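S.K.: take this sequence and fold it.
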Amino acid sequence: MTDSRTLSVVLAGGGTGGHIEPMLALADALRRRDPQLRITCLGTARGMETRLVPARGYDLRLIPPVPLPRKPTLDLLRVPGRVRRAVAETRALLEELEADVVVGFGGYVALPAYLAARRAGVPVVVHEQNALPGLANRVGARLAARVAVTVPGTPLHAGEHVGMPLRTAISTLDRGARRAEARAAFGLDADRPTLLVFGGSQGAASLNRALVGAAGALTAAGIQVLHARGPKNTDVTVPEPPAGSAPYVVVDYLERMDLAYAAADLALCRSGAVTVAELSAVGLPAVFVPLPIGNGEQRRNALPVVEAGGGILVEDVELTPSWIESTVVPLLTDPATLAGYARHAAAAGVPDADDRLADIVLSVGQGVQR
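M.R.: Residues are numbered from 1 along each chain as shown. As a prediction, the model looks like this:
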């Protein structure tokens with residue numbers, strides 16, 4: 001550093017968990033490097049960050065959100081005024097914090113942070129989580145000193161493949177060492193092949209339907225299931241398996257994803273950016289079922305792992321009980337093939353992405369510290 005003042009790092013990643021989780025993983029990595037670093041997170045009053053950021057011990061400052069309409073509407077005419085207001089307030093905040101570097105993760109919070117940083121002369125680092133970048137990061141990449149991407153080949157200006165910053169509880173997980181503990185925690189048998197099913201924090205109706213329909217075939221084949229149905233899907237139930245069959249455990253929500261990953265031999269899930277990164281980082285192969293709506297980013301997120309041999313991709317409309325019986329059951333009952341998928345999944349993972357991104361942020365921030 002060029003002087004004795006503590007480095008001030010501002011992180012802009014509010015809105016959804018897909019932005020907040022990598023932001024907090026980076027914050028943790030920076031704090032491990034230097035507990036004296038001044039780390040401030042930007043968010044909005046309506047985002048999940050109002051709960052998650054203070055719970056992790058970081059300062060949260062609120063700025064006005066700038067939602068961008070996906071289609072031309074009258075609301076589009078209000079965007080320039082919203083941007084000007086948000087940029088002005090964010091620039092004043094950056095000056096108050098004496099920011100040395102702004103790190104953005106996309107979304108409503110990042111765009112005004114990028115524009116304010118440019119006006120204030122503060123360098124920007126962009127991190128893109130998805131294989132298909134959003135508008136905020138496409139703008140930010142043109143203004144940034146460094147651009148980091150999670151998925152190789154992401155079409156973003158000057159992008160460097162860094163990976164997804166993850167919580168150390170995930171990135172350092174030894175699944176084999178924790179398997180017995182994890183299976184006992186969920187009431188699973190110690191030695192049966194195990195399928196983990198989840199559809200995000202709220203569950204996924206199509207995954208729930210297909211798995212319930214295939215429950216009998218799975219348990220009859222000796223495969224036990226840990227199925228997170230989603231907290232609003234309490235109507236999703238599975239008949240009690242016959243005595244001697246493999247367990248089928250249904251939970252509303254998985255508080256301990258590290259234990260869920262450790263318990264499993266295969267996951268069946270959506271392919272959000274964080275989910276794909278976590279599974280490959282811990283070497284857990286997966287059947288990815290991309291969300292069938294949106295811009296196709298979930299399919300793109302999963303493709304690198306699938307093409308590396310670490311998973312299978314099936315479209316939502318094709319996920320049926322008969323597909324599970326014909327594809328998932330044979331895979332889970334073939335230990336050698338399953339082990340090959342696990343090796344390829346692990347080879348595609350980047351468990352130290354938080355430290356890689358921290359290196360970039362510190363290099364940019366220290367290089368221009370005023």
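S.K.: residues near the closest residue to G222 other than its chain neighbours, how many?
M.R.: Using CB to CB, 6 or more residues apart in numbering and skipping residues adjacent in sequence, the residue nearest G222 is A246, 5.3 Å away. Any C-beta I mention is one placed from the backbone N, CA and C, and that applies to glycine too. Around A246 there are 19 other residues, counting by other CB atoms under 10 Å.
S.K.: helix, strand, or coil at A246?
M.R.: Following DSSP: H, G, I helix; E, B strand; the rest coil, we place A246 in the coil state.
S.K.: tell me the contacts of it?
M.R.: When contacts are counted by CB atoms under 8 Å, 6 or more residues apart in numbering, A246 touches D189, R192, L218, T219, A221, G222, I223, Q224, V225.
S.K.: just V328 next, same as before
M.R.: Contact analysis of V328 by CB under 8 Å, 6+ apart lists L195, A214, L218, L266, L268, V287.
S.K.: okay, and the beta partners of the fifth one?
M.R.: Judged by DSSP bridges, the bridge partners of L268 are V197, V287.
S.K.: tell me how far it lies from L332.
M.R.: Noted for L268: a distance of 10 Å to L332, by CB to CB, to the nearest Å.
S.K.: so for those two, which residue has more residues nearby?
M.R.: Applying other CB under 10 Å to L268 and L332 shows that L268 carries more neighbours, namely 25 against 22.
S.K.: can you give me the strands for this structure?
M.R.: Ranges of strands in the chain, per DSSP state E, are 8-12, 38-43, 59-62, 101-104, 124-128, 146-149, 159-161, 194-198, 224-228, 248-251, 266-269, 286-288, 311-313.
S.K.: list the contacts of the fifth one.
M.R.: With contact meaning CB under 8 Å, 6+ apart, strand 124-128 is reached by 22, 26, 101-106, 110, 113-114, 117-118, 137, 140-141, 143-150, 154, 156, 159, 162, 165, 357, 360-361, 364.
S.K.: re earlier: switch the strands of the chain over to TSV; also include mean pLDDT and distance to A86.
M.R.: Shown next, in TSV, are those (pLDDT from 0 to 100; distance: least, CB to CB, whole Å):
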stretch	mean pLDDT	distance to A86
strand 8-12	97	11
strand 38-43	96	10
strand 59-62	96	11
strand 101-104	98	13
strand 124-128	98	16
strand 146-149	98	22
strand 159-161	96	25
strand 194-198	97	35
strand 224-228	97	36
strand 248-251	95	40
strand 266-269	98	35
strand 286-288	98	36
strand 311-313	98	38
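S.K.: could you say which of these is packed most deeply?
M.R.: Highest mean neighbour count among the strands of the chain (mean count of other CB atoms under 10 Å): strand 101-104, with a mean of 31.
S.K.: what's that strand packed up against?
M.R.: Using 3 or more CB pairs under 8 Å, 6 or more residues apart in numbering; DSSP states H and E, the elements in contact with strand 101-104 are strand 8-12, helix 110-120, strand 124-128, helix 135-143, helix 353-368.
S.K.: just put those in a markdown table and tack on distance to V53.
M.R.: Below are the helices and strands packed on strand 101-104 laid out as a markdown table (distance: least, CB to CB, whole Å):
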| stretch | distance to V53 |
| --- | --- |
| strand 8-12 | 9 |
| helix 110-120 | 15 |
| strand 124-128 | 16 |
| helix 135-143 | 19 |
| helix 353-368 | 16 |
